[in-house]
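Engineer: Let's see this in three dimensions:
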Amino acid sequence: MIASAFGGVHDFFHSSTWYVIRNLAIFFVLVFWIATVYWVHKDARRRIEDPLIVWVVTAIGVVPFIGPLIYMLFRPPEYLDDVRERELEIKAMEKRLGGRDLHCPVCRAEVDEDFLICPVCTTKLRQACVNCHRPLEALWQICPYCETPIDQDPGTVTLAEAKRPPRRRQSR
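Structural biologist: Sure, this is the predicted structure:
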């Protein structure tokens, strides 16, 4: 009776069905192994900048099933694109925080340092030099670019005059 039970198992493992199942299992394990090697190479290219290190990591990934596990444990935590994007965001924030944020006094639109007129509401922001046409600050007495003396318009109120208290009239 025991011989007949093992005889059935023996017959199954020597049948063509068993050979098909075994060959398919070997094929799927081989395809999975090749896919993990490909995944290690592709993921390493996205995370590591140096091509030599990418190929070394891929060679480690060729070790069946242990290589990709080792790579997953020691790979860089983020993609190169994410690192570059974060660096650009940090630079943009530093530029916003570090530089002077200039806004139009009328419409609060963001303006550049060398704008003469607000592009949104057309408010005059600065005076231009009559010689070199570069923007001038309100307190400047001479153009620092071309050494031309600045003629103040009588109708233009400078920043210094706006801060000074008004003069009292003297009674006669």
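
Engineer: Please count neighbours and contacts with C-alpha atoms only from this point.
Structural biologist: Fine.

Engineer: The lengthiest helix in the chain: which residues count as buried?
Structural biologist: Secondary structure of the chain per DSSP state H: the longest helix is helix 16-47. Of all the residues in helix 16-47, those buried under the rule 16 or more other Cα atoms under 10 Å are 33, 36-38, 40-41, 43-47.

Engineer: After it, which helix or strand is next?
Structural biologist: helix 51-61 (DSSP states H and E).

Engineer: which helices and strands does whichever helix or strand comes after that following helix pack with?
Structural biologist: Later in the chain than helix 51-61, the nearest helix or strand by DSSP H and E is helix 66-74. The contact analysis (3 or more Cα pairs under 8 Å, 6 or more residues apart in numbering; DSSP states H and E) places helix 66-74 against helix 16-47, helix 51-61.

Engineer: thinking again about what came up before, roughly how far is the longest helix of the chain from the heart of the chain?
Structural biologist: Distance of helix 16-47 from the chain centroid (Cα atoms, centre = their mean, to the nearest Å) equals 36 Å.

Engineer: And stretch 89-108, by the same measure?
Structural biologist: So, by Cα atoms, centre = their mean, the centroid of stretch 89-108 is 18 Å from its chain's centroid.

Engineer: In that stretch, which residues are buried?
Structural biologist: Buried residues in stretch 89-108, counting neighbours by 16+ other Cα under 10 Å, are found at Cys104.

Engineer: sorry, back to before: would you format the helices and strands packed on helix 66-74 as CSV with distance to Pro76 and mean pLDDT included?
Structural biologist: Putting the helices and strands packed on helix 66-74 into CSV (distance: least, Cα to Cα, whole Å; pLDDT from 0 to 100) gives the following:
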stretch, distance to Pro76, mean pLDDT
helix 16-47, 6, 95
helix 51-61, 12, 95
